[in-house]
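In: Sharing a sequence plus its predicted fold:
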Amino acid sequence: MSGQANFFDQVTQYFNEAARFTDYSAGLLDQIRTCNSVYRFDFPLRRAEGKIEVIHAWRVQHSQHKLPVKGGIRYSPDVNEPEVMALAALMTYKCAVVDVPFGGAKGGIKIEPKDYSLDELERITRRYAHEIAKKGFLGPGIDVPAPDYGTGEREMSWIADTYAALNPGQLNALGCVTGKPVTQGGVRGRKEATGRGLFFALREACNEPGEMQRIGLPKGLDGKRVVVQGLGNVGYHAAKFCREGGGILIALAEREGAIANPKGLNEEEVFQHRKATGSILNFPGATNIDNTAAALELECDVLVPAALESVLTAENAPRIKAKIILEGANGPTTPDADPIFRDKGILVIPDIYCNAGGVTVSYFEWLKNLSHVRFGRMQKRHEQANELSMLKAIEQATGRSFTDVEREALAHGPDEQDLVNSGLEETMIAAFHELLKIRRDTKGVPDLRTAAFLGSIHKVARSYMELGIFP
Ligand code: NAD
């Protein structure tokens with residue numbers, strides 16, 4: 001993967017392109033652009049065979065214009081400082097795009113998780129949590145991590161438990177991390193939130209007649225051919241919701257290779273096949289593509305890179321045939337590929353907008369932890385009673401009775417999952433139209449990415465100015 005070493009420079013380049021459309025002072029723009037705190041640390045791990053190994057780790061807080069700061073923790077052998085800085089910066093801009101009141105942060109541990117036993121992973125994660133807590137990089141009002149590449153609910157539970165042990169009796173301790181299992185203070189819908197958000201973003205774009213006309217596609221998601229790279233948390237759920245929403249999954253790519261079937265694939269069947277055989281390849285009815293990166297270049301309507309950054313570069317951009325690129329991963333497109341996509345008339349739906357579903361629902365989880373009550377618990381039955389009275393009035397007025405199935409569908413009162421999904425849907429729809437408006441209203445803004453960065457710069461700048469930090 002090219003360009004990873006200078007991922008932070010790439011984000012800076014995107015920032016600078018958007019900053020041209022503002023007249024803020026150089027000092028204010030510098031303050032927004034810079035990473036406020038970079039904590040790099042090492043700690044020892046005793047391996048099962050008794051040897052000591054030194055583990056390298058980071059936590060970066062990009063901007064504290066809003067607190068807490070927020071951002072995932074990545075476990076990967078490729079983790080490096082510019083990467084964590086870049087991902088922290090993207091979090092600041094992403095939160096601003098979807099109006100989530102957090103600053104940006106990110107963490108990383110340089111390990112290949114599958115090379116470690118469960119016990120070792122737990123010790124690494126708990127030690128990491130301990131180290132960042134000691135330095136003021138963890139806490140419900142300070143810095144709230146979440147899952148990212150290579151981590152999930154399990155790691156978040158270990159972090160929450162470590163924090164709670166260090167802060168006995170702290171009422172809001174569970175709010176120190178999001179993406180926890182529902183039984184440990186998590187919120188229903190968080191695991192699938194990023195993928196669901198990607199679907200809402202795509203559906204909104206496909207329903208915009210002007211956008212579809214410009215790229216020569218019919219309106220609506222129905223029948224659109226979708227290629228997804230990465231069948232992890234983001235890719236799997238994006239594939240699922242796009243397929244359920246009418247898209248056809250014509251190819252799925254993983255590390256070991258890709259598979260294609262123009263008639264359509266089912267992500268769950270492919271996932272089970274990979275689990276059983278250890279590889280995505282040789283899936284019944286599909287064609288193998290041994291060079292996994294070649295899947296990105298397939299003829300399709302929607303390409304969803306949902307694995308890692310810098311996979312779409314100036315080198316392969318000329319060969320990309322998709323009409324829409326939906327950026328599930330953070331930073332999948334390098335700045336030198338972006339103008340090529342623009343010239344080719346490809347609609348790029350940028351990461352800092354379309355993969356923001358995860359942090360949006362993380363915000364809901366944090367609110368739930370602070371309020372100590374499940375969403376819907378207070379109002380579900382009350383709303384159901386109101387809905388049932390309305391149905392009764394309709395029955396009396398029309399003389400027709402609803403069936404039990406109809407009654408169940410029309411009057412069930414929202415539960416947590418309904419409310420979370422509804423909040424996510426509203427957030428993704430509102431933010432998409434805000435980006436369209438910025439692109440339309442600001443002369444010269446060439447694409448949605450620049451619009452997204454520009455909107456975020458305005459929001460963060462306003463925050464600094466209102467705080468009195470900049471005149
Ligand atoms: P994950 O670890 O659950 O899944 C990543 C998947 O990508 C894995 O299955 C891995 O095998 C696969 N992969 C790795 N290299 C590949 C390659 N070269 N080709 C094809 N597949 C490859 O991680 P995730 O949480 O789904 O994160 C994926 C991306 O989405 C990252 O860029 C992450 O920063 C971003 N993201 C994640 C979230 C979230 O809520 N988890 C939110 C926003 C953005």
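Out: Yes, it's here. Residues are numbered from 1 along each chain as shown.
In: Find the closest residue to the ligand in the stretch 101-250 of the chain.
Out: Nearest to the ligand in the stretch 101-250 of the chain, going by Cβ to the nearest ligand atom, is residue 232, at a distance of 1.6 Å. Every C-beta, even on glycine, is put in place using the N, C-alpha and C of the backbone.
In: Please disregard the earlier target; I meant the stretch 351-471 of the chain.
Out: Going by Cβ to the nearest ligand atom, the ligand is nearest to residue 358 of the stretch 351-471 of the chain, at 3.1 Å.
In: Just give me the neighbour total for that residue.
Out: Neighbours of residue 358 under the rule other Cβ atoms under 10 Å: 28.
In: Relative to residue 209, how far out is the residue of the stretch 101-250 of the chain closest to the ligand?
Out: 33 Å (Cβ to Cβ, to the nearest Å).
In: Between those two, point out the one with more neighbours.
Out: Just comparing residue 232 and residue 209: by other Cβ under 10 Å the higher neighbour count belongs to residue 232, 17 against 11.
In: unless I'm mixing things up, that one is touching residue 307, no?
Out: Yes. Counting by Cβ atoms under 8 Å, residue 307 is a contact partner of residue 232 at 7.1 Å.
In: which neighbours do the two share?
Out: residue 149 (Cβ atoms under 8 Å, 6 or more residues apart in numbering).
In: Quickly check: the longest helix belonging to the chain near the ligand or not.
Out: Longest helix of the chain, by residue count under DSSP state H: helix 416-441. No. Using Cβ under 6 Å from any ligand atom, helix 416-441 stays clear of the ligand, with a minimum separation of 12.1 Å.
In: With stretch 237-247 instead?
Out: No. Figure legend: stretch 237-247 not in contact with the ligand (Cβ under 6 Å from any ligand atom); closest approach 8.4 Å.
In: And for residue 267, the neighbour number?
Out: Using other Cβ under 10 Å: residue 267 sits among 22 other residues.
In: Read off the pLDDT value for it.
Out: Model confidence at residue 267, given as pLDDT, is 98.
In: ok, and the closest non-adjacent residue to it?
Out: Of all residues not flanking residue 267 in the chain, residue 239 sits nearest, at 4.0 Å (Cβ to Cβ, 6 or more residues apart in numbering).
In: and that neighbour, helix, strand or coil?
Out: Three-state call for residue 239 (DSSP: H, G, I helix; E, B strand; the rest coil): helix.
In: how much space between it and residue 228?
Out: For residue 239 relative to residue 228 (Cβ to Cβ), the value is 5 Å.
In: Show me whatever sits in contact with both of these two.
Out: 249, 252, 267, 304.
In: hmm, which two among the residues you listed are most spread apart?
Out: Maximum pairwise distance among those (Cβ to Cβ): 11.3 Å, between 267 and 304.
In: joint contacts of these two?
Out: What both residue 267 and residue 304 touch, as defined by Cβ under 8 Å, 6+ apart, is the set 228, 239.
In: Same drill for residue 239 and residue 228, tell me which one is more crowded.
Out: Set side by side, residue 239 and residue 228 show more neighbours around residue 228, with 36 against 30, by other Cβ under 10 Å.
In: Can you check the pLDDT for that one?
Out: Reported pLDDT for residue 228: 98.
In: what's it in contact with, if anything?
Out: 235, 238-239, 242, 249, 251-253, 267, 304, 306, 328.
In: Residue 99 should be in a strand, yeah?
Out: No. Read with three-state DSSP, residue 99 is coil and lies in no strand.
In: which residues touch it?
Out: Contact partners of residue 99, counting by Cβ under 8 Å, 6+ apart, are 427, 430-431, 459.
In: Max pairwise distance over these: which two?
Out: 427 and 459 (14.5 Å).
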